[in-house]
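*Asks:* Have a look at this fold, sequence not included:
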């Protein structure tokens, strides 16, 4: 008889614990969401040029201009174009 009472009490306690847990979860606020960042602005595509000596392609803004040619570095300005 005591075994039956023990199992009934155990089932009641588990039921009460589950009900309290479910009630707590239903009263809980939704998780905090971080605000979305705006998309990064699209950058303009920069034109490329080629070194007159070595043939390396690089951005036109970094070019060294000499004698109507574009060079990748001041050292290549002194060398003949290919």
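*Replies:* Structure received. Bear in mind that the values here come from a model prediction, so they are computed numbers and not experimental data. Numbers count the residues shown, from 1 in each chain.
*Asks:* okay, CA-based contacts and neighbour counts for the rest of this
*Replies:* OK.
*Asks:* okay but residue 80 is in contact with residue 66, surely?
*Replies:* No - contact criterion CA atoms under 8 Å: residue 80 and residue 66 do not qualify, at 11.3 Å.
*Asks:* Show me which of the two is the more surrounded one.
*Replies:* Neighbour count, other CA atoms under 10 Å: between residue 80 and residue 66, residue 66 has more, with 12 against 9.
*Asks:* Could I get the contacting residues of the more buried one?
*Replies:* By CA atoms under 8 Å, 6 or more residues apart in numbering, the contact set of residue 66 is residue 77.
*Asks:* which residues in the chain form helices?
*Replies:* In the chain, helices defined by DSSP state H lie at 2-27, 74-77, listed in chain order.
*Asks:* model confidence over the longest one, on average?
*Replies:* In this model, helix 2-27 has a mean pLDDT of 91.
*Asks:* For it, which helices and strands make contact with it?
*Replies:* Packing contacts for helix 2-27, counted by 3 or more CA pairs under 8 Å, 6 or more residues apart in numbering; DSSP states H and E, involve no helix or strand.
*Asks:* List the buried residues for that helix?
*Replies:* Judged by neighbour count (16 or more other CA atoms under 10 Å), helix 2-27 contains no buried residues.
*Asks:* how far is it from where the chain is centred?
*Replies:* 45 Å (CA atoms, centre = their mean, to the nearest Å).
*Asks:* And stretch 18-38, by the same measure?
*Replies:* In this view, stretch 18-38 has its centroid 25 Å away from the chain centroid, taken as CA atoms, centre = their mean.
*Asks:* same check, this time on stretch 70-80
*Replies:* Here the centre of stretch 70-80 is set off from its chain's centre by 39 Å, with CA atoms, centre = their mean.
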